[in-house]
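In: Give me coordinates for this.
(chains A, B and C)
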Amino acid sequence: MLVLFTDFGLSGPYTGQVKVVLYRDAPGVPVVDLFADAPAFRPQAAAYLLAAYVTEFPPGTVFLCVVDPGVGTETRQPVVIEADGRWFIGPDNGLFNVVVARAQTARRWVITWRPERLSRTFHGRDLFAPFAARLARGELPEGAGEVLNPSTASDWPDDLPEIIYTDHYGNGMTGLRATILSQGARLKIREHRFSWAETFGAVKPGEGFWYENSNGLAEISVNGDSAVDAYGLLIGDRIEIQD
Amino acid sequence: MLVLFTDFGLSGPYTGQVKVVLYRDAPGVPVVDLFADAPAFRPQAAAYLLAAYVTEFPPGTVFLCVVDPGVGTETRQPVVIEADGRWFIGPDNGLFNVVVARAQTARRWVITWRPERLSRTFHGRDLFAPFAARLARGELPEGAGEVLNPSTASDWPDDLPEIIYTDHYGNGMTGLRATILSQGARLKIREHRFSWAETFGAVKPGEGFWYENSNGLAEISVNGDSAVDAYGLLIGDRIEIQD
Amino acid sequence: MLVLFTDFGLSGPYTGQVKVVLYRDAPGVPVVDLFADAPAFRPQAAAYLLAAYVTEFPPGTVFLCVVDPGVGTETRQPVVIEADGRWFIGPDNGLFNVVVARAQTARRWVITWRPERLSRTFHGRDLFAPFAARLARGELPEGAGEVLNPSTASDWPDDLPEIIYTDHYGNGMTGLRATILSQGARLKIREHRFSWAETFGAVKPGEGFWYENSNGLAEISVNGDSAVDAYGLLIGDRIEIQD
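Out: Residues are numbered from 1 along each chain as shown, chains lettered A, B, ... in the order given. This next block holds a predicted model:
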C-alpha cells in the first residue's frame, strides 16, 4: 500500500500528478490519501503528526511524505527511511525525526538516483513518486543503508507542546501523546485553559476540553462547535501543561 | 461498490483511515467518495440529502454513512439497514429515516460485533468500515433482521422545507423534491423569494431562482454567481412554499 | 487512464457521481483527479491551464473536462477531440482551443448520442462520463471526425497574459509559458512588479517573484507565504510583460 502524507491539497493538480506516476509505475497498488493538508512550511509539526498515524499501517507500507519548504535548494537531501519495516520517502528536513525516534530499528539511505526530468519545485512528482513506486513493487534501495540510533536520532523533545494540526471540524490536535498526561492535567493556550474529558458527550454543548483522540494525541475540542473558531487556535500555538 | 457518505472531509486523515480498512478487508472493491462534506452535526438534513442520491446506485451497493454527533455516547446504536437491496451502515440517529421511508421494503440489524480496538470517537474507522467491508465481500449480517414498515418508520415529513446542503458553486439544495412543487410555486427564505426556472440559462446573469437539480431536489441558484453569498444561505434555513 | 479536469470539487457529490459511472462502465481503468477546482465559469482560463498539463500524459489517455457555464443551453455542443493521440471529452466552448492549437494533429466529433436520462445541468455524469468510459475501453467514436487545422483552430493568443489559476499555497499561475519570456522580463499586475528568480530559495522570505513552475508556466509566488494574500491575486487579473 502507498500512503500520501503531503501538503499538496487534493483539488489542485499536485496530488493527481503524483498519482499518475504511482499508477503507471506501481499498477494495482492501492494509493491512500492520508493527509493532503499536512502543515505546510512546518516539517516539525508535520513530523509529530505523521508519527501519530504510522503505527496503524502494516510493515511494508510505503509512505510518500512531502512537507518541503526547502525543495530546490541544496540544503536538504531526498531520503528513504526504513523504520520498523515501514518505508518513508521524502525530504531530509526533520520530517521523519519522530517516526525514527519512536521506532525500535531504523535505517536511512540518501537517494542519489535522479530522473531524466527533475523540476526545481516538484520533487514529489519527479523524484519521490517514481522511487516510492519502486519500493511498492518490492525493489529495495541499493546497499544496506545507514543504521540509525533512534534514541539519538534528533534533539527534538519526545512530545511537542504545540498545536500541530487543525481539522475541518475545528479540532486542534497537539503534539502531545495523551499517555504522557494525567487526566488531571490542564492544557493552557494563551489565556485559555482546557480540562480533560473522556469524549464530546461528557461536556456541555459549547464547552471546550481536551481528550485523547482516536490516534492517541491530546486534542482540543468543543462539544458541537469549532475549537479553532472559539479560541483562535493556530498551528504552532504553544501549550503549557499544568498538572 | 462501497460508497462513502460522511462529514469527514477528504484532505484530513479521517477518510484516508477509513479507506485503509476498506482496501485491506475488501480488496478490489471500488470505493467512491460521494459526500465527504455531508452536513456535520445534522443527521436530519443529511438524511434527506442521502435519500436523494441512493436511487442511482444498483442493488448490492454498500453505503458507509457517518454524520454522528453522538459518537461515543450510549444514546445511539450502530446499525445496518437493507432498503430495496442496498445496504447502509452507520449510526441509528435518524440518518437512514428518509431512505427507509421511501423504500418498498427495509430491514434493520443492530451491530453487536465490536472490534478489538474501538476508539471513543472514530467508529467510522473502527466499527463501520470493517463491517462495511464484510458486507461488500458478500457476507450477510447474522439473522433475518427486523422488518421495518417504511410508512411508519419515522414521524418526519416526506420532504423537509429547509436548506440541507450548500455546494462549492454556492447553490443551496433544499430537502424538497421538485416533483411535489408546481412550477408556479415560489420558495421564500427569510425576505427572499425565488421563482422557478428550467435552468441557469433561462434567467438573467445575477438573478436568483429555484430549479429541479440533477438529483430531483429543488435547488436555489443564481445564474453565474453564488446563491450562498448573494442571500447568505445556511444549512437549516427554513423555507416557506408559496403556491 | 481516465483523467478528470473539472470545476466540480471533490468533497461534494459531483465528482463521486461521475466516478460511479466510470467505475461501472470502464472497470479496472484508473481514474485520476487532476483538477477538481479548474476555474469555474471561465473556459478560456481553463483552456490555457489544461494545455499546460496534458503533455505529461501518454497517448491514449482520456480527459473528461468540464468547465461548462452553458450546460443545458443550446449554444454549445458536446464534443470529442483527439489531439496527438490523447482524447478529450467535454463542452465545445473553447475549453479545448489551446490543446488543439498546440497539437500537431487534431480531429473533432460532435457527440450526437444521448443517454436515456439526461439531466439539464449535469452532462458530466449523464453524457460525458459514459462516453469517456467507452473511449477508455477502446471504442472509437463513429466516423473519421472533422480534421482540425491547429494553426487556425481559434483566434486566441498563443499565451494568455492573465492569472489563470491560484493554488492552495497561494501561488498564481499565469497563462504565459515561461519559454516565451526572457529572464529579464518583469510581470506587472496592477501596481505590483515581479522579477524572475529560479526558485523559492533564491529570494528572501516574504519576497514576491515569478519563476517557471513544474509545468512550464510562469507563476507568481512569494517565498514562504501566499502571493494570493499578499497581492490580492484573482483569476482573470491582467498581466503586463515588461522586457
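
In: centroid residue for chain A?
Out: Central residue of chain A (Cα atoms, centre = their mean): A:L50, 2.3 Å from the mean position.

In: what helices or strands is the host helix or strand of that residue leaning on?
Out: Using DSSP states H and E, the secondary-structure element containing A:L50 is helix A:43-53. Where contact means 3 or more Cβ pairs under 8 Å, 6 or more residues apart in numbering or on different chains; DSSP states H and E, helix A:43-53 is packed against strand A:2-6, strand A:31-35, strand A:62-66, helix A:97-101, strand A:160-166, strand A:172-177. C-beta: built from backbone N, CA, C; applies to glycine.

In: From the chain's centre, how far out is it? Work that out for me.
Out: 3 Å (Cα atoms, centre = their mean, to the nearest Å).

In: cool, and stretch A:91-110?
Out: Worked out by Cα atoms, centre = their mean, stretch A:91-110 lies 12 Å from the chain centre.

In: Check the model's average confidence along that stretch for me.
Out: The average pLDDT for stretch A:91-110 rounds to 97.

In: residue furthest from the geometric center of chain A?
Out: Max radial position in chain A (Cα atoms, centre = their mean) goes to A:K204, at 31.6 Å.

In: Neighbours of the closest residue to that residue other than its chain neighbours, how many?
Out: Once flanking residues are discounted, A:K204 sits nearest to A:N223: 6.6 Å by Cβ to Cβ, 6 or more residues apart in numbering or on different chains. The local packing of A:N223 (other Cβ atoms under 10 Å in any protein chain shown) involves 18 other residues.

In: ok, now how distant is A:N223 from A:G90?
Out: Distance, A:N223 to A:G90, by Cβ to Cβ, to the nearest Å: 37 Å.

In: neighbours of A:G94, just the number please.
Out: 16.

In: same thing with A:T152?
Out: Count around A:T152 with other Cβ under 10 Å applied: 8.

In: do the same with A:G60
Out: A:G60 has 12 nearby residues by other Cβ under 10 Å.

In: How many residues are close by A:A51?
Out: 24.

In: which ones are touching it?
Out: A:98-99, A:101-102 (Cβ atoms under 8 Å, 6 or more residues apart in numbering or on different chains).

In: hang on, the earlier thing: just so I know, which of the helices and strands packed on helix A:43-53 lies nearest C:F35?
Out: Closest to C:F35 of these is strand A:31-35 (Cβ to Cβ; 15.7 Å).

In: and that closest one, does that touch chain C?
Out: No: judged by Cβ under 8 Å from any Cβ of the partner chain, strand A:31-35 stays clear of chain C, getting no closer than 9.4 Å.

In: That strand: how far from the chain's middle?
Out: 12 Å.

In: List the strands paired with it, with their directions.
Out: Sheet pairing of strand A:31-35 (DSSP bridges) gives strand A:2-6 (parallel).

In: Quick check: bridge partners of the closest residue in space to A:L234 that isn't next to it in sequence?
Out: Nearest in space to A:L234, with sequence neighbours left out and distances taken as Cβ to Cβ, 6+ apart, is A:I163 at 6.5 Å. For A:I163, the beta-bridge partners are A:T174 (DSSP bridges).

In: Report the buried residues of the longest helix anywhere in chain A.
Out: Using DSSP state H to define each element, chain A has its longest helix at helix A:13-25. Neighbour counts over helix A:13-25 (16 or more other Cβ atoms under 10 Å in any protein chain shown) mark A:13-23, A:25 as buried.

In: do it and chain B meet at all?
Out: No: no part of helix A:13-25 sits near chain B under the criterion Cβ under 8 Å from any Cβ; the closest distance found is 9.5 Å.

In: what's the model's confidence in the helix holding A:L50, averaged?
Out: 98.

In: Can you tell me which residues in chain A are near chain B?
Out: Counting by Cβ under 8 Å from any Cβ, chain A sits next to chain B at A:1, A:3, A:9-10, A:30, A:32-37, A:53, A:56-57, A:167-169, A:198-201, A:211-215, A:224.

In: Now, of those residues, which are buried?
Out: A:1, A:3, A:9-10, A:30, A:32-37, A:53, A:57, A:167-169, A:199-201, A:211-215.

In: And for A:V67, the neighbour number?
Out: Count around A:V67 with other Cβ under 10 Å applied: 26.

In: repeat for the one 10 residues further on
Out: Counted with other Cβ under 10 Å, the burial measure for A:Q77 works out to 14 neighbours.

In: Now for it: which residues touch it?
Out: With Cβ under 8 Å, 6+ apart, A:Q77 has these contacts: A:91-92, A:110-111.

In: same question, A:D225
Out: A:170, A:205-206.

In: One more: A:W87?
Out: A:W87 touches A:60-63, A:80-81, A:132, A:135, counting by Cβ under 8 Å, 6+ apart.

In: Also A:W196?
Out: Contacts of A:W196 by Cβ under 8 Å, 6+ apart are A:181, A:183-186, A:209-211.

In: which of those residues lies closest to chain B?
Out: A:Y211 (7.7 Å; Cβ to the nearest Cβ).

In: right, and that closest one touches A:E219 too?
Out: Yes: look at A:Y211 against A:E219 with Cβ atoms under 8 Å: they come within range, at 6.1 Å.

In: Distance of A:E162 relative to chain C?
Out: Distance of A:E162 to chain C, computed by Cβ to the nearest Cβ, to the nearest Å: 19 Å.

In: for A:G172, same thing?
Out: 20 Å.

In: Ok, A:P30 next?
Out: Applying Cβ to the nearest Cβ to A:P30 and chain C gives a distance of 11 Å.
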